[in-house]
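Peer 1: Quick one: sequence plus predicted model below, questions after.
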Amino acid sequence: MAGNAGSGRHVFTLHQTQMVGIANPIRRTPGLGRKAQARPHSMPYELQSGLQTVFTQPAPLYVPTLALIVYASQVGGTVLLRHPIQDYASGFELGSGSNCTLNDLRELARAAGQSDVQFTQASTLACGPDTLAWWLPPGLRTLRFEPAYQGTKTLAGLNGTPLPHPGLVFVASPGTLKVFAVRGSERPHAETPLCHAPYWNLFAGGVICRGTARYPQTVTPQDQGVWEDAFFTSSFTHPSRTHKDTHWGGSYEELLNKAAADGAFPENVLMDAGLSLTGALR
């Protein structure tokens, strides 16, 4: 195992130790599997660091002090617990588990070489290691239609025309983008009700049919504009949802023409999606 340290190369040598038992292990429910038993394990390891640099201090020994373990249930749930590692003369022992703290997660991020601090934009609603949510206020944007059906071919006549859009909430994760609509022009909060976004090529849950869209490789607040462009410049071909997603009774083209004539998207046609921003992030 190797990594960089200063101006030289940081080389680790593994020294295997014995874990002599588990103190206060998670108990299994009778009948759901064999009973957990304390027994020797071949983990964790000590890491001996050899610094091939101009530094003169002795190579440090890395000793395990804490284990973060994910416990999975047979019904699909998971729990992350922290276990202190006790150093005894006979070897290392895994201590009893407890809930992880925010500081534990920060230390994990630092150990992985990731910063736990990010600069956000005024429109950023939430951000995490692989999830980003932000708000786009109501405004004008162009769309590109490539209708798949003969009866909707005339929608292509709106290509390049700035059209009014409602306020939107985007939720991005690697390879996936969701979009929802919100009523009003105020910044959404955690419990703001979300609506179905009035666009084609959206599946249930607000997930966009990616098609030819090119998503960014990263998910940071600085990427928000790139994700938005990937959405608005994609080709809208047909409605993907099988259920009614607006309170509009006419055609989609008529809805967009009304929005253009009114100078604003008619919010009364927006239909509740049945979840809040908090729900969309789960």
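Peer 2: That came in fine, so what should we check first? Numbering: from 1, shown residues only.

Peer 1: contacts, neighbours, all on C-alpha from now
Peer 2: Will do.

Peer 1: Kindly tell me how buried the residue nearest to Thr218 when sequence neighbours are not counted is, as a neighbour count.
Peer 2: Residue nearest to Thr218 in three dimensions, not counting chain neighbours: Pro174, with 7.0 Å by CA to CA, 6 or more residues apart in numbering. Neighbours of Pro174 under the rule other CA atoms under 10 Å: 13.

Peer 1: how about Pro174, what does it touch?
Peer 2: Asp130, Thr131, Gln217, Thr218, Val219 (CA atoms under 8 Å, 6 or more residues apart in numbering).

Peer 1: how about stretch 156-171: buried residues?
Peer 2: Neighbour counts over stretch 156-171 (16 or more other CA atoms under 10 Å) mark Ala156, Leu158, Leu163, Pro164, His165, Pro166, Gly167, Leu168, Val169, Phe170, Val171 as buried.

Peer 1: quick revisit: how near is the residue nearest to Thr218 to Gln217?
Peer 2: 7 Å (CA to CA, to the nearest Å).

Peer 1: One more: Gly211?
Peer 2: Distance, Gly211 to Gln217, by CA to CA: 16 Å.

Peer 1: Also Leu105?
Peer 2: From Leu105 to Gln217 the distance is 23 Å (CA to CA).

Peer 1: next one: Pro239
Peer 2: For Pro239, the distance to Gln217 - CA to CA - is 27 Å.

Peer 1: Between the two, which has more neighbouring residues?
Peer 2: Between Pro239 and Gln217, Pro239 has the larger neighbour count (other CA under 10 Å), namely 16 against 10.

Peer 1: For the residue nearest to the more buried one when sequence neighbours are not counted, grab the count of nearby residues.
Peer 2: Nearest residue to Pro239 in three dimensions, chain neighbours excluded: Trp200, at 4.3 Å (CA to CA, 6+ apart). Neighbour count of Trp200, defined by other CA under 10 Å: 18.

Peer 1: helix, strand or coil for Trp200?
Peer 2: Per DSSP: H, G, I helix; E, B strand; the rest coil, the local secondary structure of Trp200 is coil.

Peer 1: pretty sure it is touching Phe236, no?
Peer 2: Yes: with contact defined as CA atoms under 8 Å, Trp200 counts as touching Phe236 (5.9 Å).

Peer 1: low pLDDT regions in the stretch 51-200 of the chain?
Peer 2: 51-60, 113-116 (pLDDT under 70).

Peer 1: same thing but 80
Peer 2: The stretch 51-200 of the chain contains residues with pLDDT under 80 at 51-62, 109-118.

Peer 1: Going by neighbour count, list what's buried in stretch 212-226.
Peer 2: By neighbour count on 16+ other CA under 10 Å, the buried set for stretch 212-226 is Ala213, Tyr215, Pro216, Thr218, Val219, Thr220, Pro221, Gln224.

Peer 1: Not counting its own residues, what contacts it?
Peer 2: 118-121, 124, 127, 130-132, 134, 172-175, 227, 230-231, 233-235.

Peer 1: Equivalent analysis for stretch 274-282, please.
Peer 2: Thr131, Ala133, Val171, Pro188, His189, Ala190, Glu191, Thr192, Pro193, Leu194, Cys195.

Peer 1: what's around the second one, how many residues?
Peer 2: Other residues near Ala133 come to 25 when the count uses other CA under 10 Å.

Peer 1: Name the SS class of it, please.
Peer 2: Here Ala133 is strand, with the state taken from three-state DSSP.

Peer 1: hmm, back to that, export the contacts of stretch 274-282 to CSV and append columns for distance to Leu68.
Peer 2: Output for those, formatted as CSV (distance: CA to CA, whole Å):
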residue, distance to Leu68
Thr131, 21
Ala133, 27
Val171, 28
Pro188, 34
His189, 32
Ala190, 29
Glu191, 31
Thr192, 34
Pro193, 35
Leu194, 35
Cys195, 38
